[in-house]
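J.: give me a 3D structure for the following:
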Amino acid sequence: MIELELPWPPSSLSPNSRLHWSKLSKAKRDFRRTCWICTLEAKPGPVPAGDLHLELLFMPPDARSYDRDNLVARFKAGIDGLCDGLKIDDARFKSVTCYVAAPIKGGHVTVRIKGEDNGIAE
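T.: Below is the predicted model:
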C-alpha cells in the first residue's frame, strides 16, 4: 500500500466555479505540477502490480459541507499529478473511494493506493 498527503485542491478547480477556460487551464496545470512534486518528494514505495484501488480522504480546511462528487472532480488534476509522479496510468484505478473527515488547518488530501488483490475492505 502507498499512502501520502497531497495539498487541498484550490476552489478554482471546483466544477461549480465559473472560470474562463484559460484561467482554469492554468489552475489545473499548477495543481497537477504541485501534486507531482509532492509525490516525488514523498518517495513512495513501489506501486502494486495490476489493477489498483484509490482511496481519497479529504480533510477540509473549514467546516463547510462538501459534495463528495465535486471533491473528486476538484481533485482530478491532483490525481493526474500523483500518477505522473508514480509513472502510472490513472486507468489502472478500477475503484475510487472518497471520505470526508473533520476539518484541519490548511486542509489536505490523504491518498492511499492499494492493489485490488489486497481487497477493498482493509
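J.: which residues touch the nearest residue to residue 15 once chain neighbours are set aside?
T.: Leaving aside its sequence neighbours, residue 15 sits nearest to residue 73 (CB to CB, 6 or more residues apart in numbering; 4.8 Å). Bear in mind the C-beta positions are built from the backbone N, C-alpha and C, glycine included. Going by CB atoms under 8 Å, 6 or more residues apart in numbering, residue 73 touches 13, 14, 15.
J.: so what touches the longest helix anywhere in the chain?
T.: Determined from DSSP state H, the single longest helix within the chain is helix 21-42. With CB under 8 Å, 6+ apart as the test, helix 21-42 has contacts from 4-7, 9-10, 12-13, 17, 19, 76-82, 84-86.
J.: again, only using 7 Å
T.: 4, 6-7, 9-10, 12-13, 77-78, 80-82, 84-86 (CB atoms under 7 Å, 6 or more residues apart in numbering).
J.: would you mind writing the CA trace of that helix as PDB?
T.: Taking C-alpha atoms only, helix 21-42 is exported to PDB below (Å, rounded to 0.1, in the frame of the first residue of the first chain):
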ATOM      1  CA  TRP A  21     -11.100  28.400 -19.700                       C
ATOM      2  CA  SER A  22      -7.500  29.900 -19.800                       C
ATOM      3  CA  LYS A  23      -7.500  30.600 -16.000                       C
ATOM      4  CA  LEU A  24      -9.000  27.100 -15.300                       C
ATOM      5  CA  SER A  25      -6.300  25.500 -17.500                       C
ATOM      6  CA  LYS A  26      -3.600  27.300 -15.600                       C
ATOM      7  CA  ALA A  27      -5.100  26.300 -12.200                       C
ATOM      8  CA  LYS A  28      -5.200  22.700 -13.300                       C
ATOM      9  CA  ARG A  29      -1.700  22.800 -14.700                       C
ATOM     10  CA  ASP A  30      -0.300  24.400 -11.500                       C
ATOM     11  CA  PHE A  31      -2.100  22.000  -9.100                       C
ATOM     12  CA  ARG A  32      -1.100  19.000 -11.200                       C
ATOM     13  CA  ARG A  33       2.600  20.100 -11.000                       C
ATOM     14  CA  THR A  34       2.300  20.700  -7.200                       C
ATOM     15  CA  CYS A  35       1.000  17.200  -6.700                       C
ATOM     16  CA  TRP A  36       3.600  15.700  -9.000                       C
ATOM     17  CA  ILE A  37       6.300  17.400  -6.900                       C
ATOM     18  CA  CYS A  38       4.800  16.300  -3.600                       C
ATOM     19  CA  THR A  39       4.600  12.700  -4.900                       C
ATOM     20  CA  LEU A  40       8.300  12.800  -5.900                       C
ATOM     21  CA  GLU A  41       9.300  14.300  -2.500                       C
ATOM     22  CA  ALA A  42       7.400  11.700  -0.600                       C
END
